[in-house]
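Colleague: Build the 3D model from these lines:
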Amino acid sequence: MGQDSDGDVIARSIAAPAEFGAVFDRHGSAIFRFLVRRVGRDAADALLGEVFRIAFERRTSFDCSRENARPWLYGIATNVLAKHRRTEARRLRATARLAVDRVGRDDATERVDAALDAGELWPRVADAIAELPDGERDALLLFAWEDLGYEEIAAALDVPVGTVRSRLNRARGRLRELAAANGEESVTP
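Modeller: I've put the predicted structure just below:
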């Protein structure tokens, strides 16, 4: 027998609240990773609980005809993160510094060159991402970090797919402008 859809589980959880635990079991780690990337591990622990508390409280409004609750949960997570925007820019910069440490490790000379390049570029990329308008940043990070498709991002952000496409296009354009201003090759996120 196949696994029930998230919609089936959430529908059952209305009468039997303990059933909702299966939704956490299925999606908790993905939502947690998303939160860690945005606000760091310490804050993510508290925010994860907040995301699933809100989801549990709003489970009666979930469209149970949907197979997958992940976009809905990302939407809740994105809204919870909106309360923590001020610290996000600092976290993006810290993530950029960590990325410098993970640059190629094959040849010492290449490693030094790459680290110097990354050391200069990553903080600017992090700044550029942090400066994107909220909608563009949310769409870009859901696309690049969480591998969500356009339809899933649209569901998570509760916007039309066309809006997702335009937000991603504008975010990519801003990042290409940054690359061009720094004499870098064009990179498509």
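
Colleague: Give me the buried stretch members for the helix or strand Arg165 falls within, please.
Modeller: Using DSSP states H and E, Arg165 sits in helix 161-181. By neighbour count on 16 or more other CB atoms under 10 Å, the buried set for helix 161-181 is Thr163, Val164, Arg167, Leu168, Arg170, Ala171, Arg172, Arg174, Leu175, Leu178, Ala179. Heads up, the C-betas are built off the backbone N, CA and C, glycines and all.

Colleague: need the contact list for the nearest residue to the first one once chain neighbours are set aside.
Modeller: Counting by CB to CB, 6 or more residues apart in numbering, Ala154 is the residue found nearest to Thr163 once chain neighbours are left out, at 7.2 Å. Contacts for Ala154 were tallied using CB atoms under 8 Å, 6 or more residues apart in numbering; they are Pro71, Pro160, Val161, Thr163, Val164.

Colleague: do you know how far the second one is from Asp147?
Modeller: Translated: Pro160. Counting by CB to CB, to the nearest Å, the separation of Pro160 from Asp147 is 21 Å.

Colleague: do the third one as well
Modeller: Here the distance between Val161 and Asp147 works out to 17 Å (CB to CB).

Colleague: returning to what we had before: just the contacts of Ala154 now: which is nearest Thr60?
Modeller: Pro71 (18.0 Å; CB to CB).

Colleague: any idea which element that closest one lies in?
Modeller: Pro71 belongs to helix 70-82, assigned by DSSP H and E.

Colleague: Show me the domain layout of this structure.
Modeller: Domain ranges of the chain: 6-82, 87-148+159-181, per automatic domain parsing.

Colleague: mean pLDDT for these: which is lowest?
Modeller: Of all these, the minimum mean pLDDT falls on domain 87-148+159-181 (a mean of 74).

Colleague: middle-most residue in the chain, spatially?
Modeller: Leu142 (3.9 Å; CA atoms, centre = their mean).

Colleague: At which residues are the helices of the protein located?
Modeller: 6-15, 21-39, 41-57, 70-82, 85-101, 108-131, 134-144, 150-157, 161-181 (DSSP state H).

Colleague: wait, which of those is closest to Asp63?
Modeller: It's helix 6-15; of the helices of the chain, that one is closest to Asp63 (CB to CB) at 7.3 Å.

Colleague: mind listing what's buried in that closest one?
Modeller: Asp6, Gly7, Val9, Ile10, Ala11, Arg12, Ser13.

Colleague: Packing partners of the helix holding Arg165?
Modeller: helix 108-131, helix 134-144, helix 150-157 (3 or more CB pairs under 8 Å, 6 or more residues apart in numbering; DSSP states H and E).
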